[in-house]
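1. Could you look at this predicted model? Sequence included:
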Amino acid sequence: MAMMRLRREDPRVVGAFRLHRRLGAGGMGVVYLGSDRRGQRVALKVIRPDLAEDQEFRSRFAREVSAARRIRGGCTARLVAADLDAARPWFATQYVPGPSLHDKVMEQGSLSAAETAAIGAALAEGLVAVHEAGVVHRDLKPSNILLSPKGPRIIDFGIAWATGASTLTHVGTAVGSPGFLAPEQVRGQPVTPATDVFSLGATLAYAALGDSPFGQGSSEVMLYRVVHEEPQLRGVPAALAPLLRSCLAKSPEERPSTLQLSLRLKEIAGREARGVGQPAPRQRPAPEPRAPAPRRPEGTSSGTAARRPRAGRPAGVDGRLLRQRLVVFVTVTLLVALGIAAAQGCQGPL
């Protein structure tokens, strides 16, 4: 989040917090970076003087801050302190380090399907806690989402209001950012949790496209497109396009609930991270292991092959058999010679 030096007209101390820098300014007031005596850093918003003089605004704002105190969840900036009776009402929330989703897309371009779905799943889960507390954010947009090291955080509940309360403006006057408002907000109709679902769908489409799904133009043109024209989702990854289109339905009843959206986005994020649906790279079969070469007997050269014994017979069997055959041959020869000599001796001279 960009920081700017304090201006001459800016206060230096608000409540128990010392102000250090400007974090930004919006339709309701100026946001400062402050800290308390313990060094805890906060984002402190001071309401505009003209709104501070409106008693009706003060009473509604008090109800909204009271509702915001009930929000429990890790995806929102926790409310730290507030003073609704000050000359200029203010409230302080936990300071979240990290760039906004808007700044990240502006600097690095559109996000992948896996990253968009993962951010969306965390934000939808955070909205479940917000809506369970009876609060509707009403101004969910890329600049109100901070990408902290611990995950995305929803900030700026300045125009959020409790379910069942009336709007902060007169009928026909939209409060929020064109291009991310729901059609019922533009028409001045009551808002519901489905209103935040529409804004989250437009925010995720921005992350995947690098631009608003309703294009660019003046506020009047953008508001007209939100009410009467279909969003342009060409370029959104196929895994996300059907779900985002259902979030951007003109009728609130046709949009998924925040719980359904959270579960569906978690499923898409996991599938895209694993690369399911893409053919696995072909792998070459591993070569068969070769038998080790026989060990060459000592004393033989590389050009002289050692005689290998026959399989299944010990090495000394051939030598013994040869000697046995030689002894038999010599014995038989001697016996034959002696027999012939004996035969001649018995016959005598003729």
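-> On my side now, so go ahead. Numbers count the residues shown, from 1 in each chain.
2. Now do the helices in the chain.
-> Per DSSP state H, the chain carries helices over the ranges 49-52, 55-68, 101-108, 113-132, 183-187, 193-209, 219-228, 241-247, 258-274, 317-347.
3. Confidence-wise, which of those is weakest overall?
-> Mean pLDDT per stretch puts helix 317-347 lowest among the helices of the chain, at a mean of 66.
4. circling back to that earlier point, hey, which of the helices of the chain is tucked in deepest?
-> For the helices of the chain, average neighbour numbers computed from mean count of other C-beta atoms under 10 Å are highest in helix 193-209, which has a mean of 25. C-beta here means a position set from N, CA and C on the backbone, and glycine is covered the same way.
5. one step back: now tabulate the helices of the chain in JSON lines and tack on distance to C75.
-> JSON lines is the format used below for the helices of the chain (distance: least, C-beta to C-beta, whole Å):
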{"stretch": "helix 49-52", "distance to C75": "28"}
{"stretch": "helix 55-68", "distance to C75": "14"}
{"stretch": "helix 101-108", "distance to C75": "13"}
{"stretch": "helix 113-132", "distance to C75": "3"}
{"stretch": "helix 183-187", "distance to C75": "22"}
{"stretch": "helix 193-209", "distance to C75": "12"}
{"stretch": "helix 219-228", "distance to C75": "25"}
{"stretch": "helix 241-247", "distance to C75": "17"}
{"stretch": "helix 258-274", "distance to C75": "10"}
{"stretch": "helix 317-347", "distance to C75": "85"}
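6. mind checking which of those is nearest H20?
-> Using C-beta to C-beta as the measure, helix 101-108 is the one of the helices of the chain that comes nearest H20, at 20.2 Å.
7. Show me what that closest one is packed against.
-> Using 3 or more C-beta pairs under 8 Å, 6 or more residues apart in numbering; DSSP states H and E as the contact criterion, the neighbours of helix 101-108 among helices and strands are strand 145-148, helix 193-209.
8. What are the contacting residues of that helix?
-> The set of residues external to helix 101-108 that reach it, using C-beta atoms under 8 Å, 6 or more residues apart in numbering, is 1-2, 99, 111, 119, 141-143, 145-147, 152, 203, 206-207, 210.
9. could I have that helix exported to PDB, CA atoms only?
-> What follows is helix 101-108, C-alpha atoms only, in PDB (Å, rounded to 0.1, in the frame of the first residue of the first chain):
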ATOM      1  CA  LEU A 101      -4.900  -6.900  -5.500                       C
ATOM      2  CA  HIS A 102      -5.300  -3.900  -7.800                       C
ATOM      3  CA  ASP A 103      -1.600  -2.900  -7.400                       C
ATOM      4  CA  LYS A 104      -0.400  -6.500  -8.000                       C
ATOM      5  CA  VAL A 105      -2.400  -6.800 -11.200                       C
ATOM      6  CA  MET A 106      -1.300  -3.400 -12.400                       C
ATOM      7  CA  GLU A 107       2.400  -4.300 -11.800                       C
ATOM      8  CA  GLN A 108       2.500  -8.000 -12.800                       C
END
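10. Number the chain from 802, please
-> Sounds good: first residue 802 from here, last item helix 902-909.
11. Next one: the closest residue in space to K951 that isn't next to it in sequence from A826, what distance?
-> Once flanking residues are discounted, K951 sits nearest to G875: 7.6 Å by C-beta to C-beta, 6 or more residues apart in numbering. As judged by C-beta to C-beta, to the nearest Å, G875 and A826 stand 28 Å apart.
12. Who are the contact partners of the residue nearest to K951?
-> Residues in contact with G875, defined by C-beta under 8 Å, 6+ apart, are 927, 951-952.
13. So what touches the longest strand along the chain?
-> The strand spanning the most residues in the chain, taking DSSP state E as the definition, is strand 818-826. Among residues not part of strand 818-826, those counted as contacts by C-beta under 8 Å, 6+ apart are 802-808, 811-814, 831-837, 843-845, 882, 893.
14. just to revisit the earlier point, generate a ChimeraX selection restricted to the buried entries among the contacts of helix 902-909.
-> For the buried members of those, the matching ChimeraX selection, counting by 16 or more other C-beta atoms under 10 Å, is:
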select :802,900,912,920,942,943,944,946,947,948,953,1004,1007,1008
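15. Could you report the neighbour count for the residue nearest to R838 when sequence neighbours are not counted?
-> Once flanking residues are discounted, R838 sits nearest to A817: 7.1 Å by C-beta to C-beta, 6+ apart. A817 has 15 neighbours, counted by other C-beta atoms under 10 Å.
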